[in-house]
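1. only geometry, no sequence info:
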């Protein structure tokens, strides 16, 4: 708790110095600097993470040595596109992260999870790796997780996948081990009926055997036949994977439903801290199993 407060105070002090410096005509930082730039420069320890909500199923996660981006979509399908792109408003501006070790994950080809704009980032970012849950023919040099339940180790990351084709196309969910953290991103992997889809259940059972003490889970909220809240698949995922923190997602433009998910999940016995984004660009700090 103390470390989290110190980091927050540090960011506030940096922001005050920046504002006063500009007001007094002193070039304390580059005129292109933003609060987000300063936050991106912060040092993290193993097991710590900064997390940004990028809308719908999109997330950015900064760890000690890596910067992960999941299922980013830039169009205005769920929210009006801001004029100036920044993590602070839920958008990837490659100039903000050009010096980071960036890994871009795309779970499948649905247009609410995959945006070809991601390929433009190569022009600005020195170190960038693309990871896909299906074969993108036009980019044969990237990493593809097409075989069932694949596992690959690359540049400080261990990536595991579970595969499904519930919507008639190849899709994966990712489990990523990086810098003392275990992160799960579900993509569209879910089970909405009262009875669990057997492929879904088997996949979650498999992942639960591959990793203990999952830190952060991004879980798509599809709702059930009676509500936009929690379904049995969500509860099973949380129960088996045991994430310390769960972020509901997949309600771009309807972020108010994340709180409904949190309330219902708790009422139904979910043993996890549930954090809810309210708007694109919301930022969270993870440390010692909690959001600070």
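-> Nice, I can see it. Note that the structure is a prediction, hence the values are computed from the model and not measured.
2. phi and psi next, for the residue lying closest to residue 40 once chain neighbours are set aside.
-> Sequence neighbours aside, residue 96 is the residue nearest to residue 40 in space, at 6.4 Å (criterion: Cβ to Cβ, 6 or more residues apart in numbering). Placement of C-beta: from N, CA and C, glycine included. With angles defined as degrees, to the nearest 10, residue 96 sits at phi -70, psi -30.
3. next: residue 173.
-> phi -120, psi 150.
4. how many residues are close by it?
-> As a burial measure, residue 173 scores 27 neighbours (other Cβ atoms under 10 Å).
5. quick check, it in contact with residue 206.
-> No. In this structure, residue 173 is not within contact of residue 206 by Cβ atoms under 8 Å, at 10.9 Å.
6. mutual contacts of the two, please.
-> Here residue 173 and residue 206 share the contacting residues residue 162, scored by Cβ atoms under 8 Å, 6 or more residues apart in numbering.
7. does the residue nearest to residue 40 touch residue 37 like I think?
-> Yes. Between residue 96 and residue 37 there is a contact at 6.4 Å, judged by Cβ under 8 Å.
8. look at the two and report which has more neighbours.
-> Between residue 96 and residue 37, counted using other Cβ under 10 Å, residue 96 has the larger neighbour count: 23 against 19.
9. quick one: that one from residue 102, how far?
-> As judged by Cβ to Cβ, to the nearest Å, residue 96 and residue 102 stand 11 Å apart.
10. just give the number of residues close to the nearest residue to residue 152 once chain neighbours are set aside.
-> In space, and not counting its chain neighbours, residue 152 is closest to residue 159: 5.3 Å by Cβ to Cβ, 6+ apart. By other Cβ under 10 Å, 20 other residues sit near residue 159.
11. wasn't residue 159 part of a strand?
-> Yes. Assessed with DSSP: H, G, I helix; E, B strand; the rest coil, residue 159 lies in a strand.
12. how far away is it from residue 141?
-> Applying Cβ to Cβ to residue 159 and residue 141 gives a distance of 17 Å.
13. now residue 219
-> To residue 141, residue 219 is 31 Å away according to Cβ to Cβ.
14. and for residue 203?
-> Distance from residue 203 to residue 141, by Cβ to Cβ: 28 Å.
15. the two - which one has more neighbours?
-> Ranked by neighbour count (other Cβ under 10 Å), residue 203 and residue 141 place residue 203 first, with 22 against 5.
16. compute the number of surrounding residues for the closest residue to that one other than its chain neighbours.
-> Once flanking residues are discounted, residue 203 sits nearest to residue 162: 3.8 Å by Cβ to Cβ, 6+ apart. By other Cβ under 10 Å, 27 other residues sit near residue 162.
17. wasn't residue 162 part of a strand?
-> Yes. Assigned with three-state DSSP, residue 162 falls within a strand.
18. just list whatever residues bridge to the residue nearest to residue 152.
-> For residue 159, the beta-bridge partners are residue 152, residue 176 (DSSP bridges).
19. distance of it from residue 243?
-> Taking Cβ to Cβ as the measure, residue 159 falls 17 Å from residue 243.
20. quick one, helices of the stretch 1-150 of the chain?
-> All helices of the stretch 1-150 of the chain, identified by DSSP state H, counting those that start in this stretch, fall at 2-23, 35-40.
21. where does the nearest residue to residue 274 once chain neighbours are set aside sit: helix, strand or coil?
-> Once flanking residues are discounted, residue 274 sits nearest to residue 262: 4.0 Å by Cβ to Cβ, 6+ apart. Following three-state DSSP, we place residue 262 in the helix state.
22. number of nearby residues for residue 262?
-> Residue 262 is flanked by 22 other residues according to other Cβ under 10 Å.
23. now swap in residue 43 and tell me
-> Neighbourhood size, residue 43 [other Cβ under 10 Å]: 7.
24. got the contact list for it?
-> Applying Cβ under 8 Å, 6+ apart, we find residue 43 in contact with residue 64.
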